[in-house]
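S.K.: Would you be able to build a 3D model of this:
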Amino acid sequence: MYIENIDTTAFSLALSLSRSLSHSLSSSVTSTTTMSQYGGRIHQIEYAMEAVKQGSATVGLKSKTHAVLVALKRAQSELAAHQKKILHVDEHIGISIAGLTADARLLCNFMRQECLDSRFVFDRPLPASRLVTLIGSKTQIPTQRYGRRPYGVGLLIAGYDDMGPHIFQTCPSANYFDCKAMSIGARSQSARTYLERHMDTFLDCNLNELVRHGLLGLRETLPAEQDLTTKNVSIGIVGKDMEFTIYDDDDVAPFLEGLEERPQRKVRVDLELLWKVVGLMLAWIHAETEQFIWYPG
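M.R.: Numbering: from 1, shown residues only. Now for the predicted structure:
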């Protein structure tokens, strides 16, 4: 009996240690960037990508002469001011952000320093493609080294250099893409659908038409009861013979005046139809229930 108790105790202890080790290994895989989950997934990078999806929407697009950024600004409460979502980097480059604003500030300061170094050392502005490469190298480091988390912010970078206007997208995974037009942030798929539908017309658009397309794409990300206003929209423009300029508040009004009114969705008709269907279902359930009660056999 004594030996059997020892065996049982040892077995229970081994089982407990096994479960504890399995739980610790599972949590370590989830919380670190140095270990891959089954299928090659790194959860910390996926969490950072999710932060971008939860951020306010922003749209970037370009023509033959200009690149435009349009972003939604959010306020934490009615007592707080709207946060800036478009940041100035250099005379020929600016960014719009979706995700953690603190991480975006850090990356923006890095980009400003690189542009400043290029002007002092080489006496020329830093090409947009080179700056995006540097951002990709910087954001890749915390995806591989232990003890650091990926940057939880996505960037749309608008620039103009000797190669013309550019729109780049950077991700927390350290991937970056050269785009004709792009949208990131919450409900950005609706904006991307609009951009894909009108993409062939962007290259030949003048500046006002390009901004209009950006605003219409951004408006697709809003709920039906909201619309674009001078308080929640910010616009950034850079192009040929034009330094990067940010338009906020009342400066946005001339661009919004050119937009037609947003078509009202027929939500009330759909709700009435829904209530009719629900009423019929409840009546049928009530009839079936009474029949079941009165005729249990």
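
S.K.: helix, strand or coil for residue 47?
M.R.: Residue 47 falls in the helix class when you classify it by DSSP: H, G, I helix; E, B strand; the rest coil.

S.K.: Surely residue 170 is in contact with residue 178?
M.R.: No. The criterion here is C-beta atoms under 8 Å, and residue 170 misses it with residue 178 at 11.0 Å. For glycine as for every other residue, the C-beta is placed from the backbone atoms N, C-alpha and C.

S.K.: Which one of these two is surrounded by more residues?
M.R.: Applying other C-beta atoms under 10 Å to residue 170 and residue 178 shows that residue 170 carries more neighbours, namely 24 against 13.

S.K.: Now for the closest residue to residue 222 other than its chain neighbours, how many residues are close by?
M.R.: Using C-beta to C-beta, 6 or more residues apart in numbering and skipping residues adjacent in sequence, the residue nearest residue 222 is residue 228, 7.3 Å away. Residues near residue 228, counting by other C-beta under 10 Å, number 19.

S.K.: Check residue 120 too.
M.R.: Using other C-beta under 10 Å, residue 120 has 8 other residues around it.

S.K.: And for residue 64?
M.R.: 13.

S.K.: was I right about it contacting residue 201?
M.R.: No. Contact criterion C-beta under 8 Å: residue 64 and residue 201 do not qualify, at 11.9 Å.

S.K.: about what we covered before: need the pLDDT of the residue nearest to residue 222.
M.R.: The score at residue 228 is 92. That number is its pLDDT.

S.K.: how about it, secondary structure?
M.R.: At residue 228 the chain is in coil, as set by three-state DSSP.

S.K.: and it, what is it in contact with?
M.R.: Counting by C-beta atoms under 8 Å, 6 or more residues apart in numbering, residue 228 touches 215, 218-219, 222, 256, 259.

S.K.: now do residue 162
M.R.: Applying C-beta under 8 Å, 6+ apart, one finds that residue 162 lies in contact with residue 127.

S.K.: still on that earlier bit, now the residue nearest to residue 222, what are its backbone angles?
M.R.: phi -80, psi 140 (degrees, to the nearest 10).

S.K.: could you check the distance from it over to residue 43?
M.R.: 36 Å (C-beta to C-beta, to the nearest Å).
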